[in-house]
Every structure is written in structure tokens, then in C-alpha cells.
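A.B. asks: sequence? don't have it. structure:
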């Protein structure tokens, strides 16, 4: 399912000690350390496009948009490095933990990769949904025009899933008072599956 750095379960405290001393990033899920693999050009271009598109809308409001490096802790004691994290509230950080670890994201975005696709869409998605402040989770496919969006529903506390498959689509992010146009997300991304590209 994904690459484990150590094939044995360790405690959250041990993970934090190891990660603080490591020169490479590792996620932590259900007691296992998970290596962060390198990513493709398309993956990095989409991450950059998303960051640019959100920053253009949010930076003047004092919101925070961070690609790649800001670790997030989930209530169950799991840790991840999402491709993009955004919030407009004051960041709350895990006390006495390095590197900085965010506790209150509003938006999390993952750009999918073959090695972690199932882990991201199933296990990690379920762990993300337990974060009380989280309102939107996006999973972006770098190989075809497809964005899976999960949005928390205020009236019942559940989550709504919607897929966006056209470059003409725009994703509303009401919790941030922002939108993301798929045409911007996939700008200059080559090699997309033609069956999903609608010009």
C-alpha cells in the first residue's frame, strides 16, 4: 500500500523524536513511519498552481497557504505532510514539537501519486475528516482532469463528495471564501489523459 521506513510499530513520541532528527520527511500512520517519495513534474506543477491560485485570493486577508512542508497532526495521533494546507484563522501549532505541526487546517489538498493513491483516498482521508477545523479536502489526479472534493456539511456534520472532471469547472471553497478553477490547477500540465480533457 505504501512504503514503510520501519516494518514495526512505534509510539507517537518515538516518531516525533526520530522525525525531529531526520533530514527527510516521514509521515506517521497507525504506528508506522511512512517514507515520503519523490514526486513527478506534473505533481509539482499542480502543487505550485494550487498555491498560486489560493495565494492570489487569500494573501491580502492574512490567510496562510503552505505547500509541501507544513506537517499536520490528526486527532488519532497520525501525522501527514499534505501537498497544500490553507487556513484563515490564527495557526495553532503542536506545543514543543519540531518541525512545526499544524493542528487547525481549514483546507487540505493532496495531489495523488500511483504509490500512495489508495492510502491518500481511503486511510488518510478518513483520518483527515476527524480534524474538527477541517472543512474541505481535495484529491487532485495529476494524470487526468479529475478532482475529488470532500466538503463538511454544516447542517448535519457529515461530508459531501463531489468529482470535478472538466477544465471549465470551478470548485467552491466557502469556508475560505475562495474558489479554484480546474483550468488554473492544470495549467501547463502535460500528458493528461485525453478522455478527460475538455477544451
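C.D. replies: Thanks, I have it. The structure presented is a predicted model; accordingly, all values stated were derived computationally and were not measured. Numbers count the residues shown, from 1 in each chain.
A.B. asks: mind listing the helices for this protein?
C.D. replies: Here the chain has its helices, by DSSP state H, at 12-21, 41-58, 117-118, 125-129, 182-185.
A.B. asks: rebuild those helices as TSV, extending it with mean pLDDT and distance to residue 80.
C.D. replies: Where you see a C-beta, it was placed from the backbone N, CA and C, and this is true even at glycine. Converted to TSV, the helices of the chain look like this (pLDDT from 0 to 100; distance: least, C-beta to C-beta, whole Å):
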stretch	mean pLDDT	distance to residue 80
helix 12-21	93	12
helix 41-58	96	15
helix 117-118	78	15
helix 125-129	94	8
helix 182-185	98	21
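A.B. asks: output those helices as JSON lines; include the columns mean neighbour count and distance to residue 144.
C.D. replies: Compiled in JSON lines, the helices of the chain are given as follows (neighbours: other C-beta atoms under 10 Å; distance: least, C-beta to C-beta, whole Å):
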{"stretch": "helix 12-21", "mean neighbour count": "14", "distance to residue 144": "33"}
{"stretch": "helix 41-58", "mean neighbour count": "18", "distance to residue 144": "11"}
{"stretch": "helix 117-118", "mean neighbour count": "14", "distance to residue 144": "12"}
{"stretch": "helix 125-129", "mean neighbour count": "17", "distance to residue 144": "19"}
{"stretch": "helix 182-185", "mean neighbour count": "20", "distance to residue 144": "11"}
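A.B. asks: okay, those helices in TSV with distance to residue 69 next?
C.D. replies: Shown next, in TSV, are these (distance: least, C-beta to C-beta, whole Å):
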stretch	distance to residue 69
helix 12-21	13
helix 41-58	11
helix 117-118	22
helix 125-129	18
helix 182-185	20
